[in-house]
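[1] Fold the following for me, if possible:
(one chain, ligands or ions: 1)
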Amino acid sequence: TQYSFQQHFDDKIDSDNTIEAKDWMPDDYRKTLIRQISQHAHSEIVGMLPEGNWISRAPTLRRKAVLMAKVQDEAGHGLYLYSAAETLGISRDEMYNQLHTGKAKYSSIFNYPTLTWADMGAVGWLVDGAAIMNQVPLCRTSYGPYARAMVRVCKEESFHQRQGFEIMLTLAKGTDIQRKMAQDAFNRWWWPSLMMFGPPDAESPNTANSVRWRIKRLTNDELRQKFVDVTVEQAKVLGLDMPDKDLKWNEERGHYDFGAINWPEFYNVVKGNGPCNKQRLEARRSAWEKGQWVRDAATAYAGKRAARKAA
Ligand code: FAQ
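    Sure, this is the predicted structure:
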């Protein structure tokens with residue numbers, strides 16, 4: 001009966017076992033996973049664009065090779081994640097369609113422009129740093145295929161974070177102009193990085209269910225606080241100033257207090273009105289349209305092979 005299926009599911013969640021693709025699961029659990037995993041996949045693919053912008057302008061051959069490897073990793077992460085979402089019964093075409101029609105979200109962070117080479121440092125350090133903070137707990141998320149995909153993704157993200165930090169360190173210890181570039185990139189990416197963790201818990205409609213189902217192991221605010229605490233120490237190593245005049249160690253809490261986040265800006269970007277939303281979606285749509293002939297050719301080839309086999 002439905003009751004015993006539900007009971008079996010609840011027991012598995014409560015005993016911290018994974019749910020697998022063929023297991024019974026409540027509709028809302030499936031829907032939440034499809035939403036989160038597909039949006040995560042879209043973020044990886046759209047996230048290639050701001051960095052792709054700098055591959056042809058990387059300052060040295062080594063920097064170029066490293067950046068290319070990083071952007072290729074992001075394509076790989078997108079593909080694992082689309083595959084994980086497919087195990088829940090949604091097709092890749094449908095997910096792409098949701099992205100291209102603006103129905104599905106992707107991370108707000110990728111709607112900001114990458115203006116200077118220092119942005120490659122700041123994106124790696126802060127954006128990948130925030131991504132790791134959010135994704136390490138997802139290695140223990142309750143849905144098996146998602147959890148297993150996260151293990152490799154997190155290893156690669158750690159390399160990405162380090163390459164970003166190393167760019168920042170080089171610039172911060174460089175000439176006066178280089179140090180200013182690093183500080184400017186830090187100032188521009190800091191607040192949007194804090195927004196990556198999502199709305200405050202009190203305004204996060206999905207957190208309660210996702211925590212109960214152990215899809216999310218920590219809440220948006222818990223992860224944001226952990227990120228602030230580690231990043232402040234890293235900024236000290238770089239010798240850069242935190243772009244927050246309200247930032248202060250709170251002895252009692254054992255955490256840094258930080259200034260108010262501009263939530264109207266966040267919601268505006270999520271609604272599609274950030275500085276680069278149109279450009280990003282246009283790039284994805286155009287790539288899809290330009291690939292039509294490849295899909296047509298592959299379909300025709302598969303048809304011919306099937307006909308030859310049948311003959
Ligand atoms: N941007 O109720 P909640 C990367 C939406 S890392 C846009 O709190 P939830 C690596 C949310 O979808 C970035 N929308 O939602 C990389 C929901 O709307 P919906 C991707 C956001 O799901 C680095 C509504 O607001 N990482 O790509 C954002 O419980 C460098 C209410 O929010 C992941 O996706 C936002 N920042 O918590 C690549 C990690 N925040 O869907 C290239 C997995 C919230 O109901 C270069 N995802 N919204 O219409 C998660 O952990 C969660 O989905 C959260 C949001 C924490 C993002």
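
[2] How about the longest helix along the chain and the ligand, any contact?
    Counting by DSSP state H, the longest helix found in the chain is helix 144-172. No: Helix 144-172 stays clear of the ligand (CB under 6 Å from any ligand atom), getting no nearer than 6.5 Å. From N, CA and C alone the C-beta is placed, and that goes for glycine too.

[3] What helices and strands are in contact with the one helix or strand Leu223 maps to?
    Assigned by DSSP states H and E, Leu223 belongs to helix 220-238. Counting contacts by 3 or more CB pairs under 8 Å, 6 or more residues apart in numbering; DSSP states H and E, helix 220-238 is packed against helix 128-135, helix 144-172, helix 176-195, strand 255-257.

[4] Relative to the next helix or strand after that helix, what are the paired strands and their orientations?
    Moving toward the C-terminus from helix 220-238, the next helix or strand (DSSP H and E) is strand 248-250. Partners of strand 248-250 in the sheet, by DSSP bridges, are strand 255-257 (antiparallel).

[5] Can you get me the centre-to-centre distance for the partner strand and its chain?
    24 Å (CA atoms, centre = their mean, to the nearest Å).

[6] May I see the buried residues of that strand?
    Tyr256 (16 or more other CB atoms under 10 Å).

[7] wait, does stretch 56-70 contact the ligand?
    No: using CB under 6 Å from any ligand atom, stretch 56-70 stays clear of the ligand, with a minimum separation of 7.8 Å.

[8] out of the helices and strands packed on helix 220-238, deepest packed?
    helix 128-135 (a mean of 24; mean count of other CB atoms under 10 Å).

[9] what is the orientation angle of the longest helix of the chain with helix 220-238?
    Orientation of helix 144-172 against helix 220-238 (axes from the mean of the first three to the mean of the last three CA atoms, to 10 degrees) gives an angle of 30 degrees.

[10] for helix 144-172, what is the average pLDDT?
    Mean pLDDT, helix 144-172: 97.

[11] Stretch 265-278 too?
    Per-residue scores along stretch 265-278 average to 98.

[12] List the buried residues of that stretch.
    266, 269-270, 274, 276-277.

[13] so which of those are also by the ligand?
    Val270.

[14] Now the two most distant members of the buried residues of stretch 265-278.
    Pairwise distances among the buried residues of stretch 265-278 were taken by CB to CB; the largest, 14.9 Å, belongs to Phe266 and Cys276.

[15] and the stretch 51-200 of the chain, which of its residues are near the ligand?
    By CB under 6 Å from any ligand atom, the residues of the stretch 51-200 of the chain that approach the ligand are 74, 105, 107-108, 127-128, 131, 134, 195-199.

[16] Against Ser15, how distant is the closest residue to the ligand within the stretch 1-150 of the chain?
    Nearest residue of the stretch 1-150 of the chain to the ligand (CB to the nearest ligand atom) works out as Gly47 at 2.6 Å. Distance, Gly47 to Ser15, by CB to CB, to the nearest Å: 35 Å.
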